[in-house]
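S.K.: Attaching a predicted model along with its sequence, questions to come.
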Amino acid sequence: QRIFPVAGSSAEKDPAVSVGPSGNESRAGACRRHDGLVREEPLHGGRNASEVVRVGDTVRRARDPGSASAARLLAYLESADYPYAPRYLGVDDRGRDVLTYIPGQTTDHPSQRADGAYARGAAMLRKLHDLTAGHPLAADRECFLHGDAGPFNTIFQDGMPVAFIDWTSCRPGDRLDDLG
């Protein structure tokens, strides 16, 4: 666990506000403690090679080439009330994507998944595909895909999937592409 001083954000008065590459302020949800320090807790699981940390009720991860697409998709999914994804909150003062934290864990073995987990995961994907079918994000393809929706990128609670994470592989495609 590492601790960083809360400084250098776009507004010294509010360390939860940062200015992204577009120049727009976004609420990054920094966790400020009484001593002015922010605690970062490394998150394990998933297949992401970059560092992912929890800061209070947020997750911070290094930006990569898929970050901009993921931000656009997550913004649309939030506006469409899609409940199976974190909310994109912006970019922090260290240049990392900031997303809401979703309690739970990834799984790496079928014994960690409850009966009905696969059916719910399929329903979550279908809702994503239905919401994005015909949307400009899908361009000339059938819909917009998560791109890597395995159990390593799915948060589970009590053995049931509740959200997909790591959206930086998202892209236009055909529904079946998300299954193979």
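M.R.: Ah, there it is.
S.K.: where do the helices sit along the chain?
M.R.: For the chain, the helices defined by DSSP state H cover 67-79, 117-132.
S.K.: I'd like those as CSV, with distance to Ala138 and mean neighbour count appended.
M.R.: Backbone N, C-alpha and C define where each C-beta goes, glycine included. Output for the helices of the chain, formatted as CSV (distance: least, C-beta to C-beta, whole Å; neighbours: other C-beta atoms under 10 Å):
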stretch, distance to Ala138, mean neighbour count
helix 67-79, 10, 18
helix 117-132, 5, 17
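S.K.: Need those helices in JSON lines (columns: mean pLDDT and distance to Pro110).
M.R.: What follows is these, written out as JSON lines (pLDDT from 0 to 100; distance: least, C-beta to C-beta, whole Å):
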{"stretch": "helix 67-79", "mean pLDDT": "97", "distance to Pro110": "27"}
{"stretch": "helix 117-132", "mean pLDDT": "98", "distance to Pro110": "9"}
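S.K.: roughly how far out does stretch 51-69 sit from the chain middle?
M.R.: Stretch 51-69 sits 7 Å away from the centroid of its parent chain (C-alpha atoms, centre = their mean, to the nearest Å).
S.K.: Regarding that stretch, how distant is the last residue from the first?
M.R.: From its first residue to its last, stretch 51-69 covers 19 Å (C-alpha to C-alpha, to the nearest Å).
S.K.: and Tyr88, which of the helices of the chain is closest to it?
M.R.: Nearest to Tyr88 among those is helix 67-79 (3.9 Å), distances taken as C-beta to C-beta.
S.K.: hang on, the earlier thing: could I get the helices of the chain in TSV, plus columns for distance to Val91?
M.R.: Formatted as TSV, the helices of the chain follow (distance: least, C-beta to C-beta, whole Å):
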stretch	distance to Val91
helix 67-79	9
helix 117-132	24
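S.K.: now the closest residue to Ala71 other than its chain neighbours, which residues is it bridged with?
M.R.: What sits nearest to Ala71 in space, not counting adjacent residues and going by C-beta to C-beta, 6 or more residues apart in numbering, is Tyr88, at 4.9 Å. Beta-bridge pairing of Tyr88 under DSSP bridges involves Leu99.
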